[in-house]
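Undergrad: task: produce atomic coordinates for the following.
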Amino acid sequence: MIDVTLKYQASIFIDGSDILPTSDKINEMLPLFRDKNLIPGTFTEISANNPKPQTRLRLSTTNNEWEISLASQRIDIIKSPTDAKGSNLGNLEEFCPEAYELGERIIKKYSKNANRISMISNFLLEEMEDKQLIGIYTRLFKTPAFYKKHTPVAWNWRTVTRKEIDLNGEKELFNVILSINRLQGDFGGGVIPFDRIQ
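TA: Numbering: from 1, shown residues only. Next up, the predicted model:
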């Protein structure tokens, strides 16, 4: 059913406001990730806590398969596809321990305490006939008459629940979020159009 893996992302929420893209910090970071061949760069962060744009440190592989972004309140560890199907991403069971280990390097180096974690996975399902796409829509939504008469060609469905999970002997409340969307776009910069379930 899953045809394309678009992204895996682990986020570790810390106070990272002091990990700025200075030459000293970059010199400290490079040895931590030499085995991954991560090179330094920057990105611009705008957040609710700091609406003024701020330059932050980013480390990535030359093909952008791996990216570690150090924002003021979190570390994002992202693995992105290097081919059209995302075959390099593997499965979540492989990604999670690797992302954890990469985040742990930063946490230990700077003696940070994480206060929250998150995991995001993003996929496209196999191609479907328009009738199947509409069938998914009608099972998910109870719509006004207008949309029964004029079936939507793009839509978003999202639900959130909470589940208590035992994490190393501690009870933690997890938010579990599911988003299902009908999405149009193209692969390869306009080469191959798609209309799929994300």
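Undergrad: ok, residue 42 touching residue 54?
TA: No. With the criterion set as CB atoms under 8 Å, residue 42 and residue 54 do not qualify as a contacting pair; they are 10.0 Å apart. All C-beta spots, glycine's among them, are computed from the backbone N, C-alpha and C.
Undergrad: settle it for me: which of these two has more neighbours?
TA: Here residue 42 and residue 54 are compared on neighbour count by other CB atoms under 10 Å; more neighbours surround residue 54, at 18 against 15.
Undergrad: how much space between that one and residue 1?
TA: Computed with CB to CB, to the nearest Å, the distance linking residue 54 and residue 1 is 41 Å.
Undergrad: the closest residue to residue 6 other than its chain neighbours pairs with what?
TA: Distances taken as CB to CB, 6 or more residues apart in numbering put residue 122 closest to residue 6, at 4.1 Å, once the chain neighbours are dropped. In this structure, residue 122 has the following beta-bridge partners (DSSP bridges): residue 7.
Undergrad: can you check residue 161 too?
TA: On the basis of DSSP bridges, residue 161 takes part in beta bridges with residue 176.
Undergrad: so it makes contact with residue 176?
TA: Yes. Checked against CB under 8 Å, the pair residue 161 and residue 176 is within contact range at 5.3 Å.
Undergrad: would you map the helices across this protein?
TA: Counting by DSSP state H, the chain forms helices over residues 23-32, 92-109, 130-140, 145-149, given from the N-terminal end onward.
Undergrad: closest to residue 196 out of these?
TA: For those, proximity to residue 196 was assessed by CB to CB; helix 130-140 is nearest, at 8.1 Å.
Undergrad: packing partners of the closest one?
TA: strand 170-187, strand 192-197 (3 or more CB pairs under 8 Å, 6 or more residues apart in numbering; DSSP states H and E).
Undergrad: what residues sit buried inside that helix?
TA: Going by neighbour count (16 or more other CB atoms under 10 Å), the buried part of helix 130-140 is 133, 136, 137.
Undergrad: looking at the helices and strands packed on helix 130-140, which is buried most?
TA: Among these, strand 192-197 has the highest mean neighbour count (mean count of other CB atoms under 10 Å), at a mean of 14.
Undergrad: quick one: strands adjacent to that strand?
TA: Using DSSP bridges, the strands paired with strand 192-197 are strand 170-187 (antiparallel).
Undergrad: rounded mean pLDDT for stretch 127-136, please.
TA: The average pLDDT within stretch 127-136 is 93.
Undergrad: what's in contact with that stretch?
TA: 3, 151, 180, 182, 194, 195, 196, 197 (CB atoms under 8 Å, 6 or more residues apart in numbering).
Undergrad: what of stretch 186-198?
TA: Residues lying outside stretch 186-198 but in contact with it, judged by CB under 8 Å, 6+ apart, are 3, 6, 84, 122-128, 130, 133, 136, 153, 179-185.
Undergrad: redo that, cut-off 6 Å
TA: Stretch 186-198 is contacted from outside by 84, 124, 125, 181, 183, 184, 185, using CB atoms under 6 Å, 6 or more residues apart in numbering.
Undergrad: ok, of these, which one's closest to residue 113?
TA: Closest to residue 113 out of those is residue 181 (35.0 Å), distances taken as CB to CB.
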